[in-house]
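Asks: Pasted the sequence and its predicted model underneath.
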Amino acid sequence: MNPEVRVRFAPSPTGYLHVGGARTALFNWLYARHCGGKFILRIEDTDKARNTQEAVQVILDGLNWLGLTWDEGPNAGGEFGPYFQSERESIYERYFQQLKSANHLYEDNGAWRFRSPREIVVVDDLICGRIEFDLTNPETHPDMTIRRPDGSWIFHFVNVVDDIEMKISHVIRGEDHLSNTPKHLELFKAIGCTPPRYGHIPLILNKDGSKMSKRDAGASITTYIEEGYAPEAVRNYLCLLGWSPKDNREKLELEETVRLFDLEKVNRKNAHFDLDKCLWLNGQYIIQMPLDRFCELSLPFINKAEIQYGSIDSLLPVLAIVKEKIKHLTEVPHWVSYFFTEEYTFDPEAIHKTLGNPNAPERLRTLASAFKNTDSWDLASIEASLKATATQLGIKAGELVAPTRVAVSGRASGPSLYHMLEILGRERTISRMNTTADTKCSPAA
RNA sequence: GACCCUAUCGUCCAGUGGCCUAGGACACUCCCCUUUCACGGGAGUAACACGGGUUCGAAUCCCGUUAGGGUCGCCA
């Protein structure tokens, strides 16, 4: 526990939240929670042309979806705000004047550059170790620009100023910033402040090792939201990219991850992104989550598909038998829809393969009338009735199950048939079976 | 090109000098379970990039090569 720990995620609003950025945010968040410190969100919107309110919202939505709540930042307040760089002009101006009067700056074609002290700078990185950078050669390490001729600010400068002002203790960021760090250290020194500790985490690349760009599958957090991933599963998968609990476990609860997480245990190798494994974890989470959580996550997709499920009480039993089949939440409407309408569609291939059997209509009608006479309508009596009818017809139970499944659902696959029929009810089951026998089957031979 | 980081199955992660005939997971193949599809259970294919050292002993330490990634902006 170290309540002095203050970390930040400082994204630029580019219109999407990159999966690598999300993991950076996650590692910062985990570190803050692990230490009992603070997690700060700062929006680096100095590039006025590119930044929009919508682009900011995408980031906030993504972080909220993943459950990465921030202690200070947009909509959260905090004593070191504002948390948008576009609103911190006067602060930058103050530091700018300080550096200028100490003769660290010079003008070059209207822009302002920082005069490098030309030294060997040591970065003592929490993850990468001790690294020496030789900045003595101006040819290979030109002085950095910190302010444009139009008065706007450059990333390196505002990033450092804000980390000072916001009392950031640890900077956990992508390895793409490792080579920038000595420059930042020069700035801290010139300003006269102790720099934070740095930890550069490896990058996330595509499965083939290429750089992940906006269009690549899985690159944007928005796609996980829209394609029906459970946030806890995505969070878990992201944890495993560059970090592990060291005991071969894959599925880890958040509380435990917070307890075990440490920067020293983050590895230094770039990770290749594997959407298949993420999807597997998603299925694991869904199958093991409580029914009410599954319902909560499914509802947006069910509503979007405009399924008239009536009440939650009538939806819940259906979700219960369908839950173990779901990999993407987007699949829920597909498995659920036919319980709530008589207008369900038939898969042409199922009609051809199963209902095309010349015996299908007779078998459906025979079973339907057997169903009419069962004492009660529960799992056991449905099963007993079906098996007795199969015996009576001299066929295997499976030969009765298949056409019945297609008749009541229009599909060749689905949840346990007995469970389906129980939920559907006796009347609807019989009606669907007879209607199907009349209208969907080939004429009996 | 210069500088920096990295290098274990196709992928993610274990492994920090002997317990490694290298372990787990995803994916893939096969088998079992089963009314379907899944789930679950079992088995299998598959890796220490290469070359030098150091050491009684190296996936683990050192050097080099190669490969991948990053940075070198008046982008962030």
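Replies: Received it, and whenever you're ready, just let me know what you need. This is a predicted model, so every value here is computed, not measured.
Asks: Give me every residue in the stretch 301-445 of chain A lying close to RNA strand B.
Replies: Residues of the stretch 301-445 of chain A lying close to RNA strand B (CB under 7 Å from any atom of the strand) are A:324-325, A:327, A:397-398, A:401-402, A:405, A:412-419. From N, CA and C alone the C-beta is placed, and that goes for glycine too.
Asks: buried subset of the residues you listed?
Replies: A:325, A:401-402, A:405, A:414-415, A:417-419 (16 or more other CB atoms under 10 Å).
Asks: Looking at the residues you listed, which is nearest residue A:64?
Replies: Closest approach to residue A:64 among those (CB to CB): residue A:325, at 28.7 Å.
Asks: Around residue A:391, how many other residues sit close by?
Replies: 11 (other CB atoms under 10 Å).
Asks: so how far is residue A:10 from it?
Replies: Distance of residue A:391 to residue A:10, computed by CB to CB, to the nearest Å: 71 Å.
Asks: pLDDT (mean, whole number) over stretch A:329-348?
Replies: Mean pLDDT, stretch A:329-348: 94.
Asks: on that earlier part again, out of the residues of the stretch 301-445 of chain A next to RNA strand B, name the ones that lie in helices.
Replies: Within those, residues falling in helices by DSSP state H are A:397-398, A:401-402, A:405, A:417-419.
Asks: related to what we said a few turns ago, any chance of the buried ones among the residues of the stretch 301-445 of chain A next to RNA strand B in a markdown table with distance to residue A:430 as columns?
Replies: Shown next, in a markdown table, are these (distance: CB to CB, whole Å):
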| residue | distance to residue A:430 |
| --- | --- |
| A:325 | 25 |
| A:401 | 16 |
| A:402 | 18 |
| A:405 | 15 |
| A:414 | 18 |
| A:415 | 19 |
| A:417 | 15 |
| A:418 | 15 |
| A:419 | 17 |
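Asks: right, and the pair among the residues you listed with maximum separation?
Replies: Using CB to CB, the two most remote members of those are A:325 and A:402, lying 17.6 Å apart.
Asks: what's the closest of the ones in helices among the residues of the stretch 301-445 of chain A next to RNA strand B to residue A:358?
Replies: Nearest to residue A:358, judged by CB to CB, of these is residue A:402 at 14.3 Å.
Asks: which non-adjacent residue is nearest the closest one?
Replies: Spatial nearest neighbour of residue A:402, chain neighbours left out: residue A:354 (5.0 Å); criterion: CB to CB, 6 or more residues apart in numbering.
Asks: hang on, that neighbour packs against residue A:411?
Replies: No: look at residue A:354 against residue A:411 with CB atoms under 8 Å: they stay out of range, at 10.0 Å.
Asks: who's in contact with the lowest-mean-pLDDT helix or strand in chain A?
Replies: In chain A, no helix or strand scores lower on mean pLDDT, DSSP states H and E than helix A:348-350, which sits at a mean of 86. With contacts defined as CB atoms under 8 Å, 6 or more residues apart in numbering, helix A:348-350 is touched by A:406, A:410-412.
Asks: for it, the distance to its chain's centre please.
Replies: Relative to the centre of its chain, helix A:348-350 is centred 35 Å away, using CA atoms, centre = their mean, to the nearest Å.
Asks: Past it, which element shows up next along the chain?
Replies: The first helix or strand that comes after helix A:348-350 along the chain, using DSSP states H and E, is helix A:360-372.
Asks: Show me what counts as buried in the least confident helix or strand of chain A.
Replies: Judged by neighbour count (16+ other CB under 10 Å), helix A:348-350 contains these buried residues: residue A:350.
Asks: Name the SS class of residue A:146, please.
Replies: Assigned by DSSP: H, G, I helix; E, B strand; the rest coil, the conformation of residue A:146 is strand.
Asks: That one contacts residue A:112, doesn't it?
Replies: Yes: applying CB under 8 Å as the test, residue A:146 and residue A:112 come out as touching, 5.7 Å apart.
Asks: and these two? which has more neighbours close in?
Replies: Neighbours were counted for residue A:146 and for residue A:112 using other CB under 10 Å; residue A:146 has more, 25 against 21.
Asks: about what we covered before: neighbour-wise, which one of the contacts of helix A:348-350 leads?
Replies: Counting neighbours by other CB under 10 Å, residue A:406 comes out on top of those with 25 neighbours.
Asks: Local confidence estimate at that residue?
Replies: Each residue has a pLDDT score; the one for residue A:406 is 94.
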